[in-house]
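**Q** Sharing a sequence plus its predicted fold:
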Amino acid sequence: MNDSSSARPVPVLDVWCELQCPDCRGALDDLRALRARYGDRLELRLRHFPLDKHKHAFAAAQAAEEAAEQGQGWPYIEAVLGRVEELNRAGEPFLVEAARELGLDAEEFDTALIDGRHILIVDADQAEGKAIGVTGTPTYVIGGELLDGGKSQEGLRERIEEIADRLLAELQT
């Protein structure tokens, strides 16, 4: 990657997600495909929107922030989303175990969940999501357009690609 590409602005795709959500797990393939297609030409940002109905979602959001701090944000998110049932059953011990499996500092994960160092980030994401009309997960925001994937994933990746391609073309002019 050369330095000039990182200085160029790129479109941003905010993905409002929660790590205990089966629909978000279903969106993983689309997110992988978007990351593969666009690479660093599209900034994919996971935004936290833990739902009250999932009792481990808030802790999982904090754990994802700790994973990002340790340099393994996306691998951790994918690992946890891929095993939603285990998170449902085991809760916080599973979050720490998933970190250990990825070679992260599990002790630090445990401490982060206890001391709540990432709560403000999760709260801020959730508040911003509510303010812009996010009601469920996954919800995507790109180019000012809000796309609700909680109702259906059908056709969403194509719509995101249309918007991303348009935004990228506008940046070229």
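**A** Okay, I see it. Numbers count the residues shown, from 1 in each chain.
**Q** give the contact list for Tyr140.
**A** Tyr140 makes contact with Leu13, Asp14, Val15, Trp16, Leu146, Leu147, Gly149, Leu156, Ile160 under the criterion Cβ atoms under 8 Å, 6 or more residues apart in numbering. Just so you know, the C-beta spots here come from the backbone N, C-alpha and C atoms, and that holds for glycine as well.
**Q** can you rerun that using 6 Å?
**A** Each residue near Tyr140 by Cβ atoms under 6 Å, 6 or more residues apart in numbering is listed here: Val15, Leu147.
**Q** The strand or helix carrying it pairs with which strands, and in what direction?
**A** Following DSSP states H and E, one finds Tyr140 within strand 139-142. Here strand 139-142 is paired, per DSSP bridges, with strand 12-17 (antiparallel), strand 145-148 (antiparallel).
**Q** For Tyr76, find the nearest of those.
**A** Among these, the nearest to Tyr76 by Cβ to Cβ is strand 12-17 (12.7 Å).
**Q** Buried residues, the closest one. List them.
**A** Neighbour counts using 16 or more other Cβ atoms under 10 Å place Leu13, Asp14, Val15, Trp16, Cys17 of strand 12-17 among the buried residues.
**Q** Go ahead and flag the most central residue of this protein.
**A** Nearest residue to the geometric centre of the chain (Cα atoms, centre = their mean): Leu46, 2.7 Å.
**Q** Tell me the secondary structure of that one, please.
**A** The three-state assignment at Leu46 reads strand, by DSSP: H, G, I helix; E, B strand; the rest coil.
**Q** Distance from the chain centre to the helix or strand hosting Leu34, please.
**A** Per DSSP H and E: Leu34 is located in helix 22-38. Counting by Cα atoms, centre = their mean, to the nearest Å, helix 22-38 is centred 10 Å from the centre of its parent chain.
**Q** packing partners for it?
**A** Here helix 22-38 touches helix 73-81, going by 3 or more Cβ pairs under 6 Å, 6 or more residues apart in numbering; DSSP states H and E.
**Q** one more time with 7 Å, if that's ok
**A** Judged by 3 or more Cβ pairs under 7 Å, 6 or more residues apart in numbering; DSSP states H and E, helix 22-38 is in contact with strand 12-17, strand 43-48, helix 73-81, helix 156-172.
**Q** Okay then, goodbye and thanks.
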